[in-house]
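# next comes the sequence, and after it the predicted model I'd like to discuss.
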Amino acid sequence: MNTATTPKTPALRRTSLALLAAATLAGGLTFGAGTAAAEAKTSAANPGVHCLWAGTGYPQGATVAAGGQTFRCDTDRGAASWSRGPAGSTRATVPNPGAYTNPTGLFSAGARQPGTGYNDYCVGSQLIAGNEDIYQVVAARDGQLLWKAAAPISEWAFDANDTRPGPSSRSVSLCIDGNLT
């Protein structure tokens, strides 16, 4: 083995690795810039996620009216979300079927609906009818969408032709130790 070339080998390796690292870094920057440009073009063509209201999608920035209030389609932590606007005497511009089932796939977070029998619950042996409140869609920590009581039903402005939620079909006999059975 030639001892004159042995010390040069580690230096050559370091130089090669440095060049490889520089090329990789440069390639990564070029790739990242290309990706950002592609994302910018994509987002210009598709302005983001859509908010759901009664199963219909609305683009970011769209405003709807329901229950005497306006709602604007926004995002919250990257997810579609309705933000409440001012209350007024605005007629509903969207269907309002009520909080009759799991909101996933039907409503985005922030949407509000009159409560129904779906929202009935028990406190001890007392039945609390779901139709006594307005329910809002909220996202749980795991991302699951749920209805949560947000206001008394007296704050929902029903249009003249709206169907109001009927009384619960459940009775207090279904409340056992605070659980609805």
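Great, that's in hand.
# from here on, just use CA atoms for contacts and neighbour counts.
Fine.
# let me see the backbone angles for Val172.
phi -60, psi -20 (degrees, to the nearest 10).
# which non-adjacent residue is nearest it?
The shortest distance from Val172 to any non-neighbouring residue, by CA to CA, 6 or more residues apart in numbering, is to Leu127 (5.2 Å).
# tell me how far Ile128 lies from Ala111.
22 Å (CA to CA, to the nearest Å).
# what is the helix or strand the residue nearest to Val172 falls within packed up against?
Using DSSP states H and E, Leu127 maps to strand 126-128. Secondary-structure packing of strand 126-128 (3 or more CA pairs under 8 Å, 6 or more residues apart in numbering; DSSP states H and E): strand 121-123.
# the strand it packs on pairs with which strands, and in what direction?
Partners of strand 121-123 in the sheet, by DSSP bridges, are strand 126-128 (antiparallel).
# pairing partners for the helix or strand that the partner strand is followed by, with directions?
As assigned by DSSP H and E, the chain's next helix or strand after strand 126-128 is strand 133-139. Each strand paired with strand 133-139, and its direction, by DSSP bridges: strand 112-114 (antiparallel), strand 145-152 (antiparallel).
# what average pLDDT does strand 133-139 get?
The predicted model gives strand 133-139 an average pLDDT of 97.
# just the CA trace of that strand, in PDB.
In PDB, the C-alpha atoms belonging to strand 133-139 read as follows (Å, rounded to 0.1, in the frame of the first residue of the first chain):
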ATOM      1  CA  ASP A 133     -81.400  24.400  22.700                       C
ATOM      2  CA  ILE A 134     -79.500  25.400  19.600                       C
ATOM      3  CA  TYR A 135     -76.600  23.100  18.900                       C
ATOM      4  CA  GLN A 136     -73.200  24.000  17.400                       C
ATOM      5  CA  VAL A 137     -70.800  21.600  15.600                       C
ATOM      6  CA  VAL A 138     -67.500  21.400  17.500                       C
ATOM      7  CA  ALA A 139     -64.400  19.400  16.800                       C
END
